[in-house]
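>>> Please find the sequence and the predicted model below.
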Amino acid sequence: MDYDDPGFGIFTLSFNKEMGENGVSYSVDFDWRARESDEEIKQLDLIGAFMSSYQNQLIDLEGIRDLTCVDGWEAQKLETLTNKYRELEEAEVRSLPAA
């Protein structure tokens, strides 16, 4: 396994205070590092086991990978889409079993 692949690493983020002509603002700084300790590498096995056990229960209806562009859609088509979402939300109450 190539542990230098970003998918196997550890991402961190921090907020940076910026001073500009319009006042104070904040930016987000993302960083990545390879897993180094045995404990960090063992976490990959735990993550893999979790994903295998619960993959059918992990749903992200609001995730960005499945976004649909709705520019130019008619109101009726938008309403149909939002109604489908509400039906799914009401019908699927999923939870992970107690450990």
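Noted; the coordinates are in hand. Numbers count the residues shown, from 1 in each chain.

>>> Return the residues in contact with Ile10.
32-35, 40 (C-beta atoms under 8 Å, 6 or more residues apart in numbering). (Each C-beta comes from the backbone N, C-alpha and C, glycine too.)

>>> Next step: the residues you listed restricted to helices.
Counting by DSSP state H, the contacts of Ile10 place Glu40 in helices.

>>> As CSV, the contacts of Ile10 with pLDDT, distance to Ser52 and neighbour count would be great.
Shown next, in CSV, are those (pLDDT from 0 to 100; distance: C-beta to C-beta, whole Å; neighbours: other C-beta atoms under 10 Å):
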residue, pLDDT, distance to Ser52, neighbour count
Trp32, 90, 25, 9
Arg33, 90, 26, 11
Ala34, 89, 24, 14
Arg35, 90, 20, 16
Glu40, 91, 20, 15
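
>>> and the lowest-mean-pLDDT helix or strand in the chain, C-alpha only, in PDB?
Ranked by mean pLDDT, DSSP states H and E, the weakest helix or strand in the chain is helix 75-91, scoring a mean of 81. Output of helix 75-91 as PDB, limited to C-alpha atoms (Å, rounded to 0.1, in the frame of the first residue of the first chain):
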ATOM      1  CA  ALA A  75     -40.300  25.700 -10.900                       C
ATOM      2  CA  GLN A  76     -42.300  22.500 -11.300                       C
ATOM      3  CA  LYS A  77     -39.200  20.500 -12.000                       C
ATOM      4  CA  LEU A  78     -37.400  22.000  -8.900                       C
ATOM      5  CA  GLU A  79     -40.400  21.300  -6.800                       C
ATOM      6  CA  THR A  80     -40.400  17.600  -7.900                       C
ATOM      7  CA  LEU A  81     -36.800  17.300  -7.000                       C
ATOM      8  CA  THR A  82     -37.300  18.800  -3.500                       C
ATOM      9  CA  ASN A  83     -40.300  16.600  -2.900                       C
ATOM     10  CA  LYS A  84     -38.300  13.500  -3.700                       C
ATOM     11  CA  TYR A  85     -35.700  14.600  -1.200                       C
ATOM     12  CA  ARG A  86     -38.300  15.100   1.500                       C
ATOM     13  CA  GLU A  87     -39.900  11.700   0.800                       C
ATOM     14  CA  LEU A  88     -36.500  10.000   1.100                       C
ATOM     15  CA  GLU A  89     -35.800  11.900   4.300                       C
ATOM     16  CA  GLU A  90     -39.000  10.800   5.900                       C
ATOM     17  CA  ALA A  91     -38.800   7.200   4.700                       C
END
